[in-house]
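**Student:** Return a 3D structure for these sequence lines:
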Amino acid sequence: MLQPRAKAAPVDMNESQFERVLNNAARLAVVGIGLAVLLMVLQAGQVFLAPVTLAIVIGLMFGPVADKVESWGVPPALSAGVVVLLLLAVIAGFATLFAVPLSEWVARAPLIWEKLQTQLASLKEPLQSISDFQGQIGAVLGNGEAMSVTVEDGSAVTGMAMLAPAVLAQVAIFLASLYFFVATRDHIRMSVLSMCVTRRMRWRTAHVFRDVELKVSRFLLSVTVINLCVGTAVTLAMWAIGMPSPLLWGAMAAVLNYVPYVGQAIMITVLLAVGLGTQADLFAILLPVICYASINFVEGQIFTPHFIGRTLTLNPFIIFLSITFWIWAWGPVGGLVAVPTLLIAQSLITHALPSRPVKPRRPVRRTRNMSDRDELLANAAQAIREQREDDEEEDRKQERMEPPRGTGPTGVEPAN
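**Tutor:** Next up is the predicted model:
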């Protein structure tokens with residue numbers, strides 16, 4: 001006689017709710033510890049990791065240049081040297097643009113500071129009111145002593161002397177890393193592909209390399225051309241309104257435009273400070289800022305979407321978070337690598353975790369007043385409704401296939 005076999009209980013039924021919460025909390029704790037360790041490593045290894053990461057980004061940018069040189073029969077070791085020399089020539093050109101006008105503004109700095117103090121003297125009364133309010137708060141809290149700030153005296157020359165070896169070491173690491181990365185990038189690709197054990201993994205890894213090189217090089221080269229145009233336009237605008245040293249402001253605008261949002265904010269602050277220190281009329285003070293903001297608005301709304309394309313457009317909030325994180329971690333170098341690292345992460349996630357677009361079987365018909373965003377949201381809602389209907393239909397089919405309660409087979413032979 002066959003005995004009824006008890007059905008095994010699901011694993012989830014053997015666990016209590018408290019145990020499941022503990023397991024999930026343990027997994028989240030491991031992820032949190034990993035992120036904390038990563039942050040500590042980024043901070044501790046800044047001297048090494050920052051120049052190496054910047055060298056990889058610049059190497060991806062100049063990869064097409066090295067490929068073009070190698071197509072003429074030049075060996076990779078020599079083409080990498082050409083790339084390094086080309087980058088040094090570009091840096092020397094920008095340094096020349098900065099050097100002469102910047103020295104003039106450094107000489108005029110005491111006069112500009114004196115005029116800024118005169119302009120800011122009108123804020124004395126509001127600051128005095130704040131000081132009086134601080135004294136009242138201190139009296140209410142039982143502390144009549146005014147707050148004091150002590151600034152320790154330090155030598156700028158000593159600080160620069162201590163900082164110079166670290167900067168030179170980072171420059172040397174950057175140039176060496178750039179040379180070896182450009183010279184051996186094909187060997188690096190083949191070594192990584194050889195470690196992939198399956199054909200599908202090799203296919204995805206090859207596509208990651210292709211997308212990273214294509215996206216980063218296309219983005220950086222396009223941004224470089226756009227920034228040169230922005231620098232030229234700012235130079236002409238500053239020359240037209242009579243701003244001293246227009247080449248300096250154009251070169252600053254081109255360099256700072258590599259760091260979205262933060263670079264524009266720094267440029268506006270500098271132009272506003274220079275206007276306050278050199279002009280007396282309010283319109284003359286704001287005119288350089290207005291010209292730069294107008295040029296930057298046209299560049300951001302027309303030229304950048306046209307040349308870079310919508311496919312490389314990232315979420316502005318994610319870009320801002322990336323820039324602030326990398327500037328906090330690595331300073332100015334972090335601001336330069338923030339957007340390229342986002343593109344690299346996007347390529348990795350896209351191929352490691354491929355996703356299907358949300359497309360309903362019955363797309364929503366677009367009306368005249370419907371925007372692209374409205375159409376996208378309507379189609380997503382339609383896809384969710386269709387998925388819910390499919391789930392309900394599957395549940396109904398399952399119920400119809402199940403026998404009525406109490407009539408199902410028990411596995412026990414009926415008694416004679």
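
**Student:** can you list the weak-confidence ranges in the stretch 1-150 of the chain?
**Tutor:** Residues of the stretch 1-150 of the chain that meet the criterion pLDDT under 70 lie in 1-16, 108-109, 111-150.

**Student:** Kindly recompute the last result at 90.
**Tutor:** Low-confidence segments of the stretch 1-150 of the chain, defined by pLDDT under 90: 1-32, 34-51, 53-77, 79-84, 86-150.

**Student:** Now find how far off-centre stretch 284-302 is within its chain.
**Tutor:** The chain centre lies 23 Å from the centre of stretch 284-302; the measure is CA atoms, centre = their mean, to the nearest Å.

**Student:** Output that stretch as CSV, restricted to C-alpha atoms.
**Tutor:** Extracted in CSV, the C-alpha atoms of stretch 284-302 (Å, rounded to 0.1, in the frame of the first residue of the first chain):
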residue,chain,number,x,y,z
ALA,A,284,29.2,97.3,-16.4
ILE,A,285,29.7,95.0,-13.5
LEU,A,286,27.0,92.5,-14.7
LEU,A,287,27.7,92.8,-18.4
PRO,A,288,30.6,90.2,-18.5
VAL,A,289,28.5,87.7,-16.5
ILE,A,290,25.5,88.3,-18.8
CYS,A,291,27.6,87.7,-21.9
TYR,A,292,29.2,84.5,-20.5
ALA,A,293,25.9,83.2,-19.3
SER,A,294,24.3,83.8,-22.7
ILE,A,295,27.1,82.0,-24.5
ASN,A,296,26.9,79.1,-22.1
PHE,A,297,23.1,78.9,-22.5
VAL,A,298,23.4,78.7,-26.3
GLU,A,299,26.1,76.1,-26.0
GLY,A,300,24.2,73.9,-23.5
GLN,A,301,20.8,74.1,-25.3
ILE,A,302,21.8,73.9,-29.0
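
**Student:** Residue 217 and residue 56: what is the separation?
**Tutor:** 12 Å (CB to CB, to the nearest Å). C-beta coordinates here come from the backbone N, C-alpha and C atoms, glycine included.

**Student:** which residues of the stretch 151-300 of the chain fall in helices?
**Tutor:** Applying DSSP state H, counting those that start in this stretch to the stretch 151-300 of the chain gives helices spanning 156-194, 199-240, 246-256, 262-278, 282-298.

**Student:** any idea which of those is most buried?
**Tutor:** Of those, the one with the most neighbours on average (mean count of other CB atoms under 10 Å) is helix 246-256, at a mean of 22.

**Student:** Please dump the helices of the stretch 151-300 of the chain into a markdown table; it should also carry mean pLDDT for every row.
**Tutor:** A markdown table is the format used below for these (pLDDT from 0 to 100):
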| stretch | mean pLDDT |
| --- | --- |
| helix 156-194 | 79 |
| helix 199-240 | 84 |
| helix 246-256 | 87 |
| helix 262-278 | 82 |
| helix 282-298 | 87 |
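
**Student:** could I get those as TSV with distance to residue 368?
**Tutor:** What follows is these, written out as TSV (distance: least, CB to CB, whole Å):
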stretch	distance to residue 368
helix 156-194	50
helix 199-240	35
helix 246-256	41
helix 262-278	37
helix 282-298	29
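
**Student:** Quick one: closest of the ones you listed to residue 304.
**Tutor:** helix 199-240 (6.1 Å; CB to CB).

**Student:** now the angle from the closest one to helix 246-256?
**Tutor:** 160 degrees (axes from the mean of the first three to the mean of the last three CA atoms, to 10 degrees).

**Student:** How far off centre is helix 199-240?
**Tutor:** Worked out by CA atoms, centre = their mean, helix 199-240 lies 14 Å from the chain centre.

**Student:** Report the angle between it and helix 262-278.
**Tutor:** Going by the same axes, to 10 degrees, helix 199-240 makes 10 degrees with helix 262-278.
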